[in-house]
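Visitor: any chance you can model this:
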Amino acid sequence: MRLALSVVFSSIAGYLLGVNTVDYKILALLALGGYFMVGASNAFNQIIEKDLDALMNRTKNRPIPGGRMSVNAAFAIASVFTVLGIAILYVINPQTAMFGAISIFLYTCVYTPLKTKTPLAVFVGAIPGAIPFMLGWVAATDDFGIEPGTLFALQFFWQFPHFWAIGWFLFEDYRKGGFFMLPTGKQDKGTAVQTIIYTVWTILVSIVPVLGITGELKLSVIATIIVFLLGLFMLYYAIRLFKEMTEKAAKQLMLASVSYITLIQIVYVIDKFIR
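Guide: Residues are numbered from 1 along each chain as shown. A predicted model of the protein is given here:
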């Protein structure tokens with residue numbers, strides 16, 4: 001539920017950034033279509049990983065490994081959610097539906113199988129994970145250009161410190177399921193350094209709109225300062241993970257990253273409407 005709501009929130013933020021006049025019908029369709037889209041991805045994921053989920057503490061009580069739902073029932077739900085999600089997004093415009101379909105495909109057919117094969121799965125998973133923010137802009141404009149591309153890049157780079165933090169403090173649990181989530185495969189300095197690097201990339205992308213090179217996506221100087229300070233807030237916890245190398249520090253980084261992406265999107269939207 002939390003993941004689904006975060007996807008809907010990102011999509012709505014992207015829509016508000018791209019639209020001139022808010023169409024509440026489109027907004028409702030985007031929220032509903034996005035919700036079905038992430039629901040379908042999650043359902044297919046849990047079908048594919050049902051045996052591995054049973055091995056891990058954080059997932060053993062999910063409906064399928066917990067015995068509360070059959071695979072056939074889960075597949076039916078996933079299929080219906082896929083059709084509904086893509087159909088609802090298509091009503092908005094075909095491009096929005098296309099990106100929604102790409103997201104479901106990459107998450108289910110590429111990211112999920114790769115999680116037990118290589119740490120590069122996080123790179124692949126960051127693609128569908130970054131689509132919702134830009135999806136809102138495409139829903140508003142029926143166009144993919146520098147603006148939604150920038151929103152995509154921001155959420156794309158952000159996902160690396162976010163998921164590596166999760167992979168760090170859940171390292172032992174993930175190992176039970178055979179998942180490779182950390183870039184070096186270990187809770188080591190190499191992983192911590194890469195976490196810092198991708199946090200810096202996230203900060204740099206977040207302030208690019210102030211330069212006036214991202215089309216209609218603009219950011220005022222005051223908003224840029226706020227966005228930059230929020231980035232330093234997340235960077236502080238990334239550096240702290242490097243220094244302490246503990247699961248506690250990783251969990252703090254994860255929480256900081258969730259706060260960061262939410263606040264960034266809020267600042268972007270508020271800045272647009274008061275500028």
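Visitor: any chance you could map the strands in this protein?
Guide: Counting by DSSP state E, the chain forms no strands at all.
Visitor: if we ignore the residues flanking it in sequence, what's nearest the most centrally placed residue in it?
Guide: In the chain, the centroid-proximal residue (C-alpha atoms, centre = their mean) is G129; its distance is 3.4 Å. Counting by C-beta to C-beta, 6 or more residues apart in numbering, the nearest residue to G129 once its immediate chain neighbours are dropped is Q159, at 5.0 Å. In short, each C-beta sits where N, CA and C put it, glycine included.
Visitor: A130 is in contact with that neighbour, correct?
Guide: Yes. The criterion here is C-beta atoms under 8 Å, and Q159 meets it with A130 at 6.6 Å.
Visitor: now do the phi/psi pair for the residue of the chain positioned farthest from its centre.
Guide: The centre of the chain is farthest from one residue, G67, which by C-alpha atoms, centre = their mean lies 28.7 Å away. As for G67, its main-chain torsions (degrees, to the nearest 10) stand at phi 80, psi 10.
Visitor: looking at it now. What's its pLDDT?
Guide: The pLDDT attached to G67 in the predicted structure is 89.
Visitor: still on that earlier bit, how far away is the residue nearest to the centre of the chain from V221?
Guide: Counting by C-beta to C-beta, to the nearest Å, the gap between G129 and V221 amounts to 30 Å.
Visitor: in the chain, spot the helix with the most residues.
Guide: With residue count as the measure and DSSP state H as the assignment, the chain has helix 247-274 as its longest helix.
Visitor: check which residues of it are buried.
Guide: By neighbour count, with 16 or more other C-beta atoms under 10 Å as the criterion, the buried positions of helix 247-274 are 247, 249-254, 256-257, 260-261, 264-265, 267-269, 271-272.
Visitor: now do it: which elements does it pack against?
Guide: helix 2-18, helix 146-169, helix 221-244 (3 or more C-beta pairs under 8 Å, 6 or more residues apart in numbering; DSSP states H and E).
Visitor: which among these is found nearest to T116?
Guide: Nearest to T116 among those is helix 146-169 (13.3 Å), distances taken as C-beta to C-beta.
Visitor: that closest one packs against which elements?
Guide: The contact analysis (3+ C-beta pairs under 8 Å, 6+ apart) places helix 146-169 against helix 2-18, helix 121-141, helix 189-207, helix 221-244, helix 247-274.
Visitor: just the angle for the longest one relative to helix 2-18, thanks.
Guide: With axes from the mean of the first three to the mean of the last three C-alpha atoms, to 10 degrees as the criterion, the two stretches helix 247-274 and helix 2-18 enclose an angle of 30 degrees.
Visitor: with that, I have no additional questions.
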